[in-house]
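Trainee: Pasting the sequence and the predicted model now:
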Amino acid sequence: MAERAHPYSGRPEAATHTWLTPPEIISALGRFDLDPCAAPEPRPWPTADQHITLPANGLNIDWQGRVWCNPPFGRHTEAWLARMADHGNGIALAFARTETAMFQRYVWPRADAVMFLAKRPHFCRPDGRRATGNSGGPICLIAYGWNNVAALMESGLEGAVVRCLRDSAHQVTEQLSAALTTN
């Protein structure tokens, strides 16, 4: 059997987990209290008031307030979405892999809404430079808490917001109306 090349051999820049969320996405969503898996210092723009970086494990700290979470993609993403679902107040960014066990466990039954971005974003390198290629797959923003659903809907980002109907339609309408009036 012939030896196969490593999947990142043609794209060495893809072998890192340090990809910054484009600043226009962060600014469109409003202020966050915590980013538990933030890029290391120096970072070119803040994603939250408090940043947890390696070697600290953001999964093992106490999460407070509104959380922004752009976790490492791949097999690590599920643990971050599980933690976000338990916390219940924030927005997570992930590949829009709606058929995966991760989505079935921590998004559809536990999130309040998902925004499917209209275009694949270009993430940024740790120094702030925009990547030459886009994300390579569809991206979504997952809202936990109705204030975060409202933030998605008012963000001006191109895409479609889909509610996760874990509550009755009547409760959903009341909660969304209340969230929109407070933002």
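Mentor: That came through, no problem. Numbering: from 1, shown residues only.

Trainee: what are the pairing partners of the strand or helix carrying Ala160, and which direction each?
Mentor: If you go by DSSP states H and E, Ala160 is part of strand 159-163. Strand 159-163 has the following strand partners under DSSP bridges: strand 113-117 (antiparallel).

Trainee: Report how many residues lie close to His76.
Mentor: Neighbour count for His76, taken as other Cβ atoms under 10 Å: 12. No exception for glycine: its C-beta is placed from N, CA and C like everyone else's.

Trainee: buried residues in the strand holding Ala160?
Mentor: Buried residues in strand 159-163, counted by 16 or more other Cβ atoms under 10 Å: 159, 161, 163.

Trainee: between those residues, which is nearest Asn70?
Mentor: Closest approach between the buried residues of strand 159-163 and Asn70, by Cβ to Cβ: Gly159, at 16.1 Å.

Trainee: could you pull out the helices for this structure?
Mentor: 23-29, 77-87, 101-106, 146-154, 169-182 (DSSP state H).

Trainee: what angle do the fourth one and strand 159-163 make?
Mentor: Helix 146-154 runs at 150 degrees relative to strand 159-163, counting by axes from the mean of the first three to the mean of the last three Cα atoms, to 10 degrees.

Trainee: CA atoms of helix 146-154 as CSV?
Mentor: The C-alpha trace of helix 146-154 is given here as CSV (Å, rounded to 0.1, in the frame of the first residue of the first chain):
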residue,chain,number,x,y,z
TRP,A,146,-32.5,34.5,24.3
ASN,A,147,-30.3,37.6,24.7
ASN,A,148,-27.9,35.9,22.3
VAL,A,149,-30.6,35.0,19.8
ALA,A,150,-31.5,38.7,19.8
ALA,A,151,-27.8,39.5,19.2
LEU,A,152,-27.7,37.2,16.2
MET,A,153,-30.9,38.6,14.8
GLU,A,154,-29.7,42.2,15.2
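
Trainee: What residues of it count as buried?
Mentor: 146-153.

Trainee: From the opening residue of stretch 65-73 to its closing one, how far?
Mentor: One end of stretch 65-73 to the other measures 23 Å (Cα to Cα, to the nearest Å).

Trainee: Off-centre distance for that stretch?
Mentor: 5 Å (Cα atoms, centre = their mean, to the nearest Å).

Trainee: which of the residues in that stretch are buried?
Mentor: Going by 16+ other Cβ under 10 Å, stretch 65-73 has these buried residues: 66-71, 73.

Trainee: And the contacts of stretch 89-108?
Mentor: Residues from elsewhere that reach stretch 89-108, judged by Cβ atoms under 8 Å, 6 or more residues apart in numbering: 21, 25, 29, 32, 34, 65-71, 73, 77-78, 80-82, 84-85, 114, 116, 135, 137-145, 147-148, 151-152, 164.

Trainee: Could you count how many residues lie near Asp33?
Mentor: 15.
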